[in-house]
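Trainee: Turn this into a model:
(2 chains)
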Amino acid sequence: QQQVKQSPQSLIVQKGGISIINCAYENTAFDYFPWYQQFPGKGPALLIAIRPDVSEKKEGRFTISFNKSAKQFSLHIMDSQPGDSATYFCAAAGTSYGKLTFGQGTILTVHP
Amino acid sequence: DAGVIQSPRHEVTEMGQEVTLRCKLISGHNSLFWYRQTMMRGLELLIYFNNNVPIDDSGMPEDRFSAKMPNASFSTLKIQPSEPRDSAVYFCASSLFGKAGELFFGEGSRLTVL
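Mentor: Numbers count the residues shown, from 1 in each chain, chains lettered A, B, ... in the order given. Now for the predicted structure:
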């Protein structure tokens, strides 16, 4: 019940295209869903997050779509740029849990 | 403001040696998390502390691993004796208490055990 499943494992997109990464969770007690971005040699950094009371959150070119009934959420990167090439992790946390559960990660490569 | 500071950034050691990884939290943060990252297993939570107290150490692989918070701003992760399968990048992250979803990670300590 604590798992967060992420797909795809890797993604290659052309510059200007849309990158889509999907995640699914099982535990309905989760109420906070962040995405982290990690560049080589660096630690993950919080990119954008959503709570289940909204279905979408947008920050610049990054959008989270959330489907509470399906227990799924996804990250969309519009107008993908080579600088977006990184590993992306979805995650989930609940107020009754003191910790974050991460998905397996998606390696995104944006070709110029 | 300084972020989470980890040391050493790289450590190469021989099997059987003791390894100590260090972490300084962001000032004002009171939750501390140790993660291990490998290609095969991704990001694994090893242990976390709230207000210097270990809350969940179920992710610690075995008794060879131990973690401490001697004060509110500093933590150590010790591996004794080290084994080649311990080779990984070890991250610590801090957050405000109750904000476990908003983690601030250090740059990691890359450990290679020969």
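Trainee: Which stretches in chain B count as strands?
Mentor: In chain B, the strands defined using DSSP state E lie at B:5-7, B:10-13, B:19-24, B:31-38, B:42-50, B:53-56, B:65-71, B:74-79, B:88-95, B:104-105, B:109-113.
Trainee: Of all those, which one comes closest to residue A:101?
Mentor: The closest of the strands of chain B to residue A:101 is strand B:42-50. By CB to CB, the value is 8.0 Å. Placement of C-beta: from N, CA and C, glycine included.
Trainee: Taking chain B, what residue is nearest to chain A?
Mentor: At 3.1 Å from chain A, residue B:105 is the closest residue in chain B, using CB to the nearest CB.
Trainee: do you know how far the nearest residue to that residue once chain neighbours are set aside is from residue B:53?
Mentor: Nearest non-adjacent residue to residue B:105, counting by CB to CB, 6 or more residues apart in numbering or on different chains: residue A:43, 3.1 Å away. Separation of residue A:43 from residue B:53 (CB to CB, to the nearest Å) stands at 24 Å.
Trainee: Mind checking which of these two has more residues around it?
Mentor: Counted by other CB atoms under 10 Å in any protein chain shown, residue A:43 and residue B:53 do not tie: residue A:43 has more neighbours, with 22 against 8.
Trainee: what residues are up against that one?
Mentor: B:4, B:91, B:93, B:105-108 (CB atoms under 8 Å, 6 or more residues apart in numbering or on different chains).
Trainee: let's go with 7 Å and repeat that
Mentor: By CB atoms under 7 Å, 6 or more residues apart in numbering or on different chains, the contact list for residue A:43 reads B:91, B:105-108.
Trainee: does it sit in a helix, a strand or a coil?
Mentor: Classification of residue A:43 by DSSP: H, G, I helix; E, B strand; the rest coil places it in coil.
Trainee: Quick one: distance of stretch A:29-37 to the chain centre.
Mentor: Relative to its chain's centre, stretch A:29-37 lies at 8 Å (CA atoms, centre = their mean, to the nearest Å).
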